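S.K.: sequence first, then the predicted structure, then my questions.
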Amino acid sequence: MFANPQLEQMAPEELRAMQLQRLKKTVAWAYEKSGIYKRKFDAAGVKPEDIRTLEDITKLPFTTEREIDEHSEHEFLTLPFSAISRVCLWEHPKPLIRMYTARDIACNVEMMTRALAAADISRASVVGILGDLADSGLMDTQYALEVLGTTVVPLGTEYERALKLLDATYLSIIVSSARRILRLIIQAQAMGREIKEFNLSTILCFNEDLQNPLKIHMRNRTGTQVYNFFASSFFGTSGMFYQCKEHVGHHLQEDYFYPEVAAFGRDTIINDPACMGELVITSLTAEALPLIRYRTGQTVMRLDQPCSCGRTFTRFTTPFGSFN
């Protein structure tokens, strides 16, 4: 199922034109509004007008995790605090404050709506959200489910309460992190129940890395189909990468993010789809906290073959089978 087929099946040349337009705007915005990026670009001898093609992105310096650790989020912020609509703490893999404009939130909800639809979530679905809705990714998920017209059951963070709701509803799908799903399984056992006794068919699992080493264990214990999402605290979104029903790699929301694959420990960009490298991501629409050429530390390989689901967004896989 598609939430936005016009974009999800966009012709490659149209997508590249959109990416270039958005890249130019993002680079100009970051240079004008962010002191950190202005200093970085000036040190690299590059100006926004130097970005004429997508390949020109290699003129821009990388952003690293160390730089984010060494600077306050306010130093990356491109707007006055009065323009911020939401502030959230992402706790994994490390505590990070993320800030969003109203447009940032709308983009995150649109991405999550597509990701949910790719897992066949529809108006007929009943979906439980396991976790604290102070989590920005779960909050976006609730909004996206409401866009789809889905019945939503907030399960909270008390596992005994969550199990009572599982008993009392026709809930068949749970959205949560791997840690919370495993705790739910343990709590069910503590109450003398097996999680397979419930009506679950699907788990949508938010992971801090591109791979979920617990996927097979989780699938076997719950008897469900498991869809993995990459919930990145650095980008403050859970819908960047998502799986379709084919479960062959993850689609990247390429109208919102521009991907590169860099050689490990070097600045060289790898264009051969058969080669592994480090995933580098540039946000194309983020207003409050844009990240340009962020080295994620994630090992990936690009899949250039068309996906049979019909989506034209590029897929990425990892050397770990749990990503698929």
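M.R.: Arrived safely.

S.K.: so where is this structure shaky, pLDDT-wise?
M.R.: Scanning the chain with the threshold set as pLDDT under 70 gives 320-324.

S.K.: for it, just list every one of the helices.
M.R.: Per DSSP state H, the chain carries helices over the ranges 5-8, 12-33, 35-44, 65-70, 73-76, 102-118, 136-148, 159-168, 178-190, 215-222.

S.K.: and the contacts of the longest one?
M.R.: The list of residues contacting helix 12-33 from outside it, by C-beta atoms under 8 Å, 6 or more residues apart in numbering, reads 10, 37-38, 41, 47-48, 51, 53-54, 57, 60, 78-79, 254-255, 258, 282-287, 290, 292, 312. The C-beta positions use only the backbone N, C-alpha and C, and glycine is treated the same way.

S.K.: repeat for the last one
M.R.: Residues external to helix 215-222 that are found in contact with it (C-beta under 8 Å, 6+ apart): 178, 181-182, 185, 195-196, 200, 203, 205, 212, 224-226, 228, 322.

S.K.: rerun that using 10 Å as the cut-off
M.R.: Helix 215-222 is contacted by residues 174, 178, 181-182, 184-185, 188-189, 194-196, 198, 200-203, 205, 207, 212, 214, 224-228, 247, 320-324 when judged by C-beta atoms under 10 Å, 6 or more residues apart in numbering.

S.K.: now mean neighbour count and distance to Val87 too, for the helices of the chain, in JSON lines please.
M.R.: Formatted as JSON lines, the helices of the chain follow (neighbours: other C-beta atoms under 10 Å; distance: least, C-beta to C-beta, whole Å):
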{"stretch": "helix 5-8", "mean neighbour count": "16", "distance to Val87": "29"}
{"stretch": "helix 12-33", "mean neighbour count": "17", "distance to Val87": "18"}
{"stretch": "helix 35-44", "mean neighbour count": "15", "distance to Val87": "19"}
{"stretch": "helix 65-70", "mean neighbour count": "13", "distance to Val87": "17"}
{"stretch": "helix 73-76", "mean neighbour count": "14", "distance to Val87": "9"}
{"stretch": "helix 102-118", "mean neighbour count": "22", "distance to Val87": "11"}
{"stretch": "helix 136-148", "mean neighbour count": "21", "distance to Val87": "9"}
{"stretch": "helix 159-168", "mean neighbour count": "16", "distance to Val87": "27"}
{"stretch": "helix 178-190", "mean neighbour count": "18", "distance to Val87": "23"}
{"stretch": "helix 215-222", "mean neighbour count": "17", "distance to Val87": "32"}
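
S.K.: buried members of the contacts of helix 215-222 into ChimeraX, please.
M.R.: To isolate the buried members of these in ChimeraX, using 16 or more other C-beta atoms under 10 Å:
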select :174,178,181,182,184,185,188,195,198,200,202,203,205,207,212,214,224,225,226,227,228,322,323,324
